[in-house]
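> Curious how this folds, go ahead:
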Amino acid sequence: MIGTRFHFEGGEMVTQRTQDCTPIVERTQALHKEGFHGSSDFKHAASIPFVVVEDYCNRNNLLFSEFMANPEHIKRLVNDPALAHFRVWKGKL
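The predicted structure follows:
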């Protein structure tokens, strides 16, 4: 479940998004351990929570449509070592 909270900091309204990502991490780790990595033609590389994608877009000043249109953004996000716990297939994109 994704939660949204609005608060004010220094006269500006800030939107804070939260999500319990534990179920996603548990599912991706189970898929990895069971070897469900997809086929040789189409790998299941990761299951990245929306709040992580949204944070990436905010930090890089991107619209979601720009993120989805450019495979380099997706590669950068999926290959980020800090997000390894969301990986199913551990190979490099």
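> now the residue lying farthest from the centre of the chain: how far from residue 17?
Largest separation from the mean C-alpha position in the chain: residue 11, at 30.1 Å (CA atoms, centre = their mean). Per CB to CB, to the nearest Å, residue 11 is found 21 Å from residue 17. In short, each C-beta sits where N, CA and C put it, glycine included.
> Am I right that residue 48 is in contact with residue 86?
Yes - Residue 48 is within contact range of residue 86, at 5.3 Å (criterion: CB atoms under 8 Å).
> Leaving out the residues flanking it, which one is nearest to residue 73?
Once flanking residues are discounted, residue 73 sits nearest to residue 67: 4.8 Å by CB to CB, 6 or more residues apart in numbering.
> Distance across stretch 61-70, terminal residue to terminal residue?
With CA to CA, to the nearest Å as the measure, the ends of stretch 61-70 fall 14 Å from one another.
> Could I get the average pLDDT for it?
For stretch 61-70, the mean pLDDT works out to 96.
> gap between it and the chain center?
13 Å (CA atoms, centre = their mean, to the nearest Å).
> Flag every buried residue along it.
Buried residues in stretch 61-70, defined by neighbour count with 16 or more other CB atoms under 10 Å: 62, 67.
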